[in-house]
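Trainee: model this:
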Amino acid sequence: MSGSSVTHPVGVLGRIGYLSENRDLPGFIKINEFMTYNAAFYPHWDHQFAGELAATFDLNSTDTLVSLSQGQRARV
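Mentor: Just a heads-up that it's a prediction; the model follows:
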């Protein structure tokens, strides 16, 4: 697969993700409020699935972001 990043840059970049350790999240906001805020940007947001993910990641929807550990904030 030598040279594939040069010959197919869109395909390669579409498979790369980045998650900064220093996210600038508003600490005062609760998880459920933050999810509602983000849902506004995605017309096909699935509220049920978002709730299932929050449960899977053991996130309490009424916790404020500032009260979360670094790992919990990454899950949000």
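Trainee: where do the helices of this structure begin and end?
Mentor: 4-7, 9-13, 31-39, 47-56, 70-75 (DSSP state H).
Trainee: most tightly surrounded among the ones you listed?
Mentor: helix 31-39 (a mean of 15; mean count of other CB atoms under 10 Å). Where C-beta positions appear, they are placed from N, C-alpha and C, glycine not excepted.
Trainee: wait, residue 45 sits on residue 51?
Mentor: No. Between residue 45 and residue 51 no contact is recorded; they are 11.2 Å apart, counting by CB atoms under 8 Å.
Trainee: excluding chain neighbours, what is closest to residue 25?
Mentor: residue 65 (5.0 Å; CB to CB, 6 or more residues apart in numbering).
Trainee: pretty sure the one you found is touching residue 74, no?
Mentor: No. If you go by CB under 8 Å, residue 65 and residue 74 don't touch, sitting 11.3 Å apart.
Trainee: who touches residue 72 in this structure?
Mentor: Taking CB atoms under 8 Å, 6 or more residues apart in numbering as the criterion, residue 72 is in contact with 57, 59, 63.
Trainee: among those residues, who's most crowded?
Mentor: Counting neighbours by other CB atoms under 10 Å, residue 59 leads the contacts of residue 72 with 19 neighbours.
Trainee: and it, how close does it get to residue 43?
Mentor: According to CB to CB, to the nearest Å, residue 59 and residue 43 sit 24 Å apart.
Trainee: ok so, going back, wait, which of the helices of the chain is closest to residue 25?
Mentor: Taking CB to CB, helix 70-75 is the member of the helices of the chain nearest to residue 25, at 6.5 Å.
Trainee: report the rounded mean pLDDT for that closest one.
Mentor: Helix 70-75 shows a mean pLDDT of 85.
Trainee: which residue is the nearest non-sequential neighbour of residue 63?
Mentor: In space, not counting the residues next to it along the chain, residue 63 is nearest to residue 31; the distance is 5.6 Å by CB to CB, 6+ apart.
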